[in-house]
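A.B. asks: Next input, structure requested:
(2 chains)
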2 protein chains.
Amino acid sequence: MGGDFAPRNVVAGAVEALRSSRNNFRVVFVGSEDRIRGELARHDVDGLPYDIVHAPEVVGMDDIPTVAIKQKKRSSIAVGVLLHKERKVDSFVSAGNTGAVMSAATLILGRLEGVGRPTIGAFLPSEKGVCLLLDAGTNVDCKPHHLLEFAIMGTIYQSYMYQHPNPTVGLLSIGEESTKGNDLTLHAHRLLSKSKLNFVGNVEGRDILKGKANVVVCDGFVGNVVLKFAESVLSLLRARVREYAAKDFFRKLWVGMMYGTLKKVLKDFDYQEYGGVPLLGVNGVSIIGHGGSTPRAIKNMILKAEEIVRKDINRHIQQALVAHG
Amino acid sequence: MGGDFAPRNVVAGAVEALRSSRNNFRVVFVGSEDRIRGELARHDVDGLPYDIVHAPEVVGMDDIPTVAIKQKKRSSIAVGVLLHKERKVDSFVSAGNTGAVMSAATLILGRLEGVGRPTIGAFLPSEKGVCLLLDAGTNVDCKPHHLLEFAIMGTIYQSYMYQHPNPTVGLLSIGEESTKGNDLTLHAHRLLSKSKLNFVGNVEGRDILKGKANVVVCDGFVGNVVLKFAESVLSLLRARVREYAAKDFFRKLWVGMMYGTLKKVLKDFDYQEYGGVPLLGVNGVSIIGHGGSTPRAIKNMILKAEEIVRKDINRHIQQALVAHG
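C.D. replies: This next block holds a predicted model:
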């Protein structure tokens, strides 16, 4: 029931995911059974492996997360996370209220042993492959050792999910020198330098898209600002293309001809490609999608969750935390 | 002598500035007289109003700002700022070591009365005109009242330089609600709400390019990360266009045909358009350019400095600070 276009886009995306894969997983829809069935009727779902678990309540985008989770025990988020807690499902994905999914996952699933702060990682494009930015908004105030934890979890995620043998880790700051930055980065630099991670030192705002590090760590305030800024780049470029085309008919025709090329070139800034952001450090698998998720974004999110489960990322994170501890 | 291509680009840009304007200002070149004359010989400067003041030393990009300013008293930065202090010139612009220009301006020129922290503002494109982001890297740790000062200075700059009658001010945070953010933003929100500024509340990373506020305030750590991130967007897009074109000959031809259009559409992310970033709050006029400044960027920087002087921005800032104080 989560997101601006639920349950329509959620059901459509799940159906696409089931069709595109070799059906080695089931989708369990959690929400208003009537509305889910209504949406399923729009698709040919014959033979697709799915179930429906009814949940009559909905956490809205404006609900206060911690309050909503306590009061709406029969909401799709609470019911879904509980199903995962009881291991009736192997993961929980949602395009709903980010804070509510985060709270439910942290409270109901609990943290992995050795994790002080679960974190949300965001994906950003770069000249050298996808960059994982942690924290992307969960932990506004961080201690240096939290950034080390994020770096360890990010390293494992990049190794197993993107086949980087030894991912590079950068510390987001405002100068390359270890003496540049604020209190948090100065201390975190020392911790990261002493770790066994492939730490490449400070990286600046410009180094993210350049691909200077596979994993970039920062506090959730900075990470959230960068993530949302990046997500808005495509929208400004689209506005500029529209303005350009609006001037006369030939320009419109010309832009129409370029459309496919522009789309490919600008694709990197389309957050739908990444499907959603993984919640790392909780005792379970959870991905949180954008409120405006399209069916394609939902599909990508579901396939990503299946991959995280299949590759047993949490076990690897646990082992890495012990090894670094 | 500042920047990666000095004095060549600096001289070329200054000559362009002098030619494009109605010659209502003189340019005083500060640096190695021989090298400046050598560069001037490449241009037809007959009748253009300029002078040369010899300065034999250069502050390098790797010099430690505060140390360099104290030890290299005959550097182009120190000599230039001193000329401005003595009011032999009305402004000082440089594409050199940002920290050194900043230190020299703050130490030699001093602060405007009522200013606790001089600040560097950065320009970012938006769907509704240029957004001024303050602080862009000078003040890593800020108190709430510093953000209020930045907001006042930014408001004046936008009013007079971009003809906004009543510029909107946003506080960069991680949620629209006043309860979202970190310690700094929560307190700054209260101060800004009580001010006479046209405060629109918290803005998120995505709201900058959307143009939700004409002036966006934040601490220098966050601002610097956002500015450098924005500056790198064009480079990633260029890399993607190159990759696309490299696939086959027809694509190359196609991209060649689109080149002019792409350039126009992506222009917004070209920092050269903005020329440089103004240093606000010092008792003088100073603009700091990008190290890689092209002649066009230098030209824009000089014309902007002339405009700041002509419009007497500092007097207006002073008055606004008193009115808000």
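A.B. asks: near chain B, which residues of the stretch 1-150 of chain A show up?
C.D. replies: A:P125, A:S126, A:E127, A:G137, A:V140, A:D141 (C-beta under 8 Å from any C-beta of the partner chain). (C-beta placed from N, C-alpha, C; glycine too.)
A.B. asks: Out of these, which end up buried?
C.D. replies: Neighbour counting by 16 or more other C-beta atoms under 10 Å in any protein chain shown classes A:P125, A:S126, A:E127, A:G137, A:V140 among those as buried.
A.B. asks: In helices, which of the residues you listed appear?
C.D. replies: With DSSP state H as the criterion, helices contain none of those.
A.B. asks: quick one: which two of these are the most distant?
C.D. replies: Using C-beta to C-beta, the pair of these lying farthest apart is A:E127 and A:V140, separated by 29.7 Å.
A.B. asks: Near A:W254, how many other residues are there?
C.D. replies: 16 (other C-beta atoms under 10 Å in any protein chain shown).
A.B. asks: Now that it has come up, it's in contact with B:L262, right?
C.D. replies: No. The criterion here is C-beta atoms under 8 Å, and A:W254 misses it with B:L262 at 11.5 Å.
A.B. asks: helix or strand for A:V30, which one?
C.D. replies: Element membership for A:V30 (DSSP states H and E) is strand A:27-31.
A.B. asks: that older thread, how about the buried ones among the residues of the stretch 1-150 of chain A next to chain B in TSV, adding pLDDT and distance to B:G110?
C.D. replies: Listed next are these as TSV, based on pLDDT from 0 to 100; distance: C-beta to C-beta, whole Å:
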residue	pLDDT	distance to B:G110
A:P125	90	44
A:S126	92	43
A:E127	90	43
A:G137	88	40
A:V140	91	36
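A.B. asks: For the stretch 101-250 of chain A, give me the ranges with low pLDDT.
C.D. replies: Of all residues in the stretch 101-250 of chain A, none has pLDDT under 70.
A.B. asks: near chain B, which residues of the stretch 201-325 of chain A show up?
C.D. replies: A:204-210, A:218, A:220-222, A:224-233, A:235-237, A:239-241, A:244, A:254-255, A:258, A:261, A:264-268.
A.B. asks: All the strands of the stretch 201-325 of chain A, residue numbers only.
C.D. replies: A:215-217, A:277-280, A:286-288 (DSSP state E, counting those that start in this stretch).
A.B. asks: Just the buried positions in the longest one, please.
C.D. replies: By neighbour count with 16+ other C-beta under 10 Å, strand A:277-280 contains the buried residues A:V277, A:P278, A:L279, A:L280.
A.B. asks: The second one: what's it in contact with?
C.D. replies: Applying C-beta atoms under 8 Å, 6 or more residues apart in numbering or on different chains to A:P278 gives the contacts A:I120, A:G121, A:Y157, A:V285, A:S286, A:I287, A:K304, A:I308.
A.B. asks: Same question for the last one.
C.D. replies: Contacts were defined as C-beta under 8 Å, 6+ apart; by that measure A:L280 touches A:P118, A:T119, A:I120, A:G121, A:L134, A:F150, A:M153, A:G154, A:Y157, A:I317.
A.B. asks: in its sheet, what does the host helix or strand of the third one sit against?
C.D. replies: Looking back up the chat, that one is A:I120. Per DSSP H and E: A:I120 is located in strand A:119-124. Sheet pairing here is set by DSSP bridges, and for strand A:119-124 it gives strand A:131-134 (antiparallel), strand A:277-280 (antiparallel).
A.B. asks: CSV for those strands, including distance to B:I36?
C.D. replies: Supplementary listing: the strands paired with strand A:119-124 in CSV, determined by distance: least, C-beta to C-beta, whole Å:
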stretch, distance to B:I36
strand A:131-134, 43
strand A:277-280, 53
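A.B. asks: So for A:N23, what's the pLDDT?
C.D. replies: A:N23 carries a pLDDT value of 65.
A.B. asks: Run through the strands of the stretch 51-200 of chain A in chain order.
C.D. replies: Counting by DSSP E, counting those that start in this stretch, the strands of the stretch 51-200 of chain A are A:92-94, A:119-124, A:131-134, A:168-172, A:198-203.
A.B. asks: any chance of those in JSON lines, plus mean neighbour count?
C.D. replies: Shown next, in JSON lines, are the strands of the stretch 51-200 of chain A (neighbours: other C-beta atoms under 10 Å in any protein chain shown):
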{"stretch": "strand A:92-94", "mean neighbour count": "29"}
{"stretch": "strand A:119-124", "mean neighbour count": "25"}
{"stretch": "strand A:131-134", "mean neighbour count": "28"}
{"stretch": "strand A:168-172", "mean neighbour count": "26"}
{"stretch": "strand A:198-203", "mean neighbour count": "21"}
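A.B. asks: count of neighbours near the closest residue to A:K228 other than its chain neighbours?
C.D. replies: Leaving out its chain neighbours, the residue that sits closest to A:K228 by C-beta to C-beta, 6 or more residues apart in numbering or on different chains is B:G205, at 3.1 Å. Neighbour count for B:G205, taken as other C-beta under 10 Å: 24.
A.B. asks: which residues touch B:G205?
C.D. replies: A:N224, A:V225, A:V226, A:L227, A:K228, A:F229, A:A230, A:E231, A:S232, B:L172, B:I174, B:V226.
A.B. asks: so of those, which ones are in helices?
C.D. replies: Short answer: those in helices (DSSP H) are A:N224, A:V225, A:V226, A:L227, A:K228, A:F229, A:A230, A:E231, A:S232, B:V226.
A.B. asks: Distance of the residue nearest to A:T294 when sequence neighbours are not counted relative to A:H316?
C.D. replies: Distance criterion C-beta to C-beta, 6+ apart; nearest residue to A:T294, sequence neighbours excluded, is A:Q272 at 5.6 Å. Distance of A:Q272 to A:H316, given as C-beta to C-beta, to the nearest Å: 27 Å.
A.B. asks: Mind checking which of the two has more residues around it?
C.D. replies: Per other C-beta under 10 Å, whichever of A:Q272 and A:H316 has more neighbours is A:Q272, with 20 against 16.
A.B. asks: And that one, what's its pLDDT?
C.D. replies: 72.
A.B. asks: got a list of what it touches?
C.D. replies: With C-beta under 8 Å, 6+ apart, A:Q272 has these contacts: A:H290, A:S293, A:T294, A:R296, A:A297, A:N300.
A.B. asks: which one among those gets closest to chain B?
C.D. replies: Nearest to chain B, judged by C-beta to the nearest C-beta, of the contacts of A:Q272 is A:H290 at 11.1 Å.
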